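A.B. asks: the sequence and its predicted three-dimensional model are supplied below.
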Amino acid sequence: MSTIELSMGYLLHWGARVIRRLADRRLKGFGLSAAHLPIIYALAENEAMAQKALAAYASIEQPTMAATLTRMERDRIIERRPDPDDKRSSLFSLTTATRKKLPAIWRTIEDLNNEALGGLPESQRQQFRRQLNTMIEAMEARVAAEGGKAER
């Protein structure tokens, strides 16, 4: 077994890159990319959110979030309105057109996830997801213990 095959970080990174590439291709028809998904997830669960809350939810730096939101607003994926509780802030929400596409977007992601897990027997798929979540939580706790910021 090569050193690369032994590296969890490399394997997870490579797997994520492949899934992201496929997601980008499949979401293109919706006018989306994989980079939009954390924002789509957040706004699908919440009627509207401020940029700061979205950045924390998606674990994206503020400048990157601002640029992403600007592009998504330009592409009419999201809309912005003034925050009634804070005149200096805006609230972002999904457009009606994007909300209507959510069932098809979720099916696309579910199909991709099923393909990604296709090499595993059905009986091991949920176990793999739980193990992966457990590993991520443990590593995020380690990052926090070392004074860093958790990603989720």
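C.D. replies: Yep, that arrived. Numbers count the residues shown, from 1 in each chain.
A.B. asks: correct me if wrong: Thr95 contacts Glu73.
C.D. replies: No: with contact defined as Cβ atoms under 8 Å, Thr95 does not count as touching Glu73 (9.2 Å). No exception for glycine: its C-beta is placed from N, CA and C like everyone else's.
A.B. asks: now do the shared contacts for these two.
C.D. replies: Applying Cβ atoms under 8 Å, 6 or more residues apart in numbering, one finds that Thr95 and Glu73 are jointly contacted by Glu79.
A.B. asks: would you mark the buried spots in the helix or strand hosting Glu110?
C.D. replies: Secondary structure assigned from DSSP states H and E places Glu110 in helix 96-116. Buried positions in helix 96-116, judged by neighbour count with 16 or more other Cβ atoms under 10 Å: 98, 101, 105, 108-109, 112.
A.B. asks: do stretch 11-27 as well
C.D. replies: 23, 26-27.
A.B. asks: what mean pLDDT does that stretch get?
C.D. replies: In this model, stretch 11-27 has an average pLDDT of 94.
A.B. asks: show me the contacts for the spatially closest residue to Asp111 that is not a sequence neighbour.
C.D. replies: Nearest residue to Asp111, sequence neighbours excluded (Cβ to Cβ, 6 or more residues apart in numbering): Arg26, at 7.9 Å. By Cβ under 8 Å, 6+ apart, the contact set of Arg26 is 108, 111-112.
A.B. asks: returning to what we had before: what is the helix holding Glu110 packed up against?
C.D. replies: Helices and strands touching helix 96-116, by 3 or more Cβ pairs under 8 Å, 6 or more residues apart in numbering; DSSP states H and E, are helix 8-27, helix 37-45.
A.B. asks: same thing but at 7 Å, please
C.D. replies: helix 8-27 (3 or more Cβ pairs under 7 Å, 6 or more residues apart in numbering; DSSP states H and E).
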